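Visitor: Generate a structure from the sequence data that follows.
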Amino acid sequence: GYMPKERPGNPGNTFNQKVDKGLNSRGLPGGGIPYLEKHGKKMVEIAHKAGKKIILNINGFLPVDYAALTILAASLGFDGVEVNLACPNIVENNRRKPIFSFNVELSRRVLSAVAQVLPANMFMNVKGSVITDPELIVKMAQMIRKFRVYGVVATNTFPNCLLWNEDGTPQIDTPDKTGWAGGSGYQLKASTIGQVSQWYHALT
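Guide: Below you'll find the predicted structure:
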């Protein structure tokens, strides 16, 4: 995933590498727009040479961030963008980045910003966090239907999970020292399948 600015990612131990109880707080490390400007066309070339479409996962703090990345993706020849409304592990000034997919209006503003600059020959996917409120899934689906969305990625890591080491310290280092990290692995299989099923029913 890419944000407009280069990010080093979160420091310290950000991944516990467990299959059954995975935790991570990577913080979207990446080179941002400068990296894409330098390497994006080559990325597209490699994918298209293999007969594959290539989608750019885009992230931001504001709707304009997503729009800027969409414009760049179009200029580089990407086939689509994946609008990531889900990332739970970014901390700026000791404040966690809001998870847009938990808020219909914030999500609508982001999708609207992307839709205004998305060329007709590109498609848009939407990625959200696990939503435990069935009514919110329905409301999000109703909002998404208003845009030219090709597909929905139903889950990201489960936000704000926590496990301790034997000495009582969090397994994952986070900038705000909470240890709250994204859960993954086998522990999420049932909830993930449930999310896919709920989104299917909400969108059909």
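Visitor: I'd like to know the beta-bridge partner residues of the residue nearest the centre of the chain.
Guide: The centre of the chain sits closest to residue 84, judged by C-alpha atoms, centre = their mean, with a distance of 3.2 Å. Beta-bridge pairing for residue 84 (DSSP bridges): residue 127.
Visitor: Quick check: it touching residue 124?
Guide: No - assessed by C-beta atoms under 8 Å, residue 84 is found out of contact with residue 124, at 11.5 Å. All C-beta spots, glycine's among them, are computed from the backbone N, C-alpha and C.
Visitor: quick one, phi/psi of the most far-flung residue of the chain relative to its centre?
Guide: The centre of the chain is farthest from one residue, residue 167, which by C-alpha atoms, centre = their mean lies 32.3 Å away. When quoted as degrees, to the nearest 10, the phi and psi of residue 167 stand at phi -90, psi 10.
Visitor: How confident was the prediction at it?
Guide: Looking at residue 167, its pLDDT is 95.
Visitor: And residue 194, how close does it get to residue 204?
Guide: Separation of residue 194 from residue 204 (C-beta to C-beta, to the nearest Å): 16 Å.
Visitor: That should have said residue 129, apologies.
Guide: 21 Å.
Visitor: Of those two, give the one with the bigger neighbour count.
Guide: Neighbour count, other C-beta atoms under 10 Å: between residue 129 and residue 204, residue 129 has more, with 22 against 6.
Visitor: wait, the more buried one sits on residue 107?
Guide: No - using C-beta under 8 Å, residue 129 is not in contact with residue 107, being 10.9 Å away.
Visitor: Now do the shared contacts for those two.
Guide: Common neighbours of residue 129 and residue 107 (criterion: C-beta atoms under 8 Å, 6 or more residues apart in numbering): 85, 101.
Visitor: How far away from the center of its chain is the lowest-mean-pLDDT helix or strand in the chain?
Guide: The helix or strand of the chain with the poorest confidence is strand 91-92; it has a mean of 80 (mean pLDDT, DSSP states H and E). Centre-to-centre, strand 91-92 and its host chain are 16 Å apart (C-alpha atoms, centre = their mean, to the nearest Å).
Visitor: Parallel or antiparallel, which strands does that strand pair with?
Guide: strand 95-96 (antiparallel).
Visitor: Show the subsequent helix or strand relative to the helix or strand that contains residue 43.
Guide: Secondary structure from DSSP states H and E places residue 43 in helix 32-49. Remark: after helix 32-49, the chain's next helix or strand is strand 55-58, criterion DSSP H and E.
Visitor: List of residues touching that following strand?
Guide: 1-3, 36, 40, 65-66, 69-70, 73, 78-84, 114, 125, 127.
Visitor: Enumerate the positions of it that are buried.
Guide: Using 16 or more other C-beta atoms under 10 Å as the test for burial, strand 55-58 gives 55, 56, 57, 58.
Visitor: Please tell me how far the first one sits from residue 69.
Guide: Just to be clear, that refers to residue 55. For residue 55, the distance to residue 69 equals 12 Å [C-beta to C-beta].
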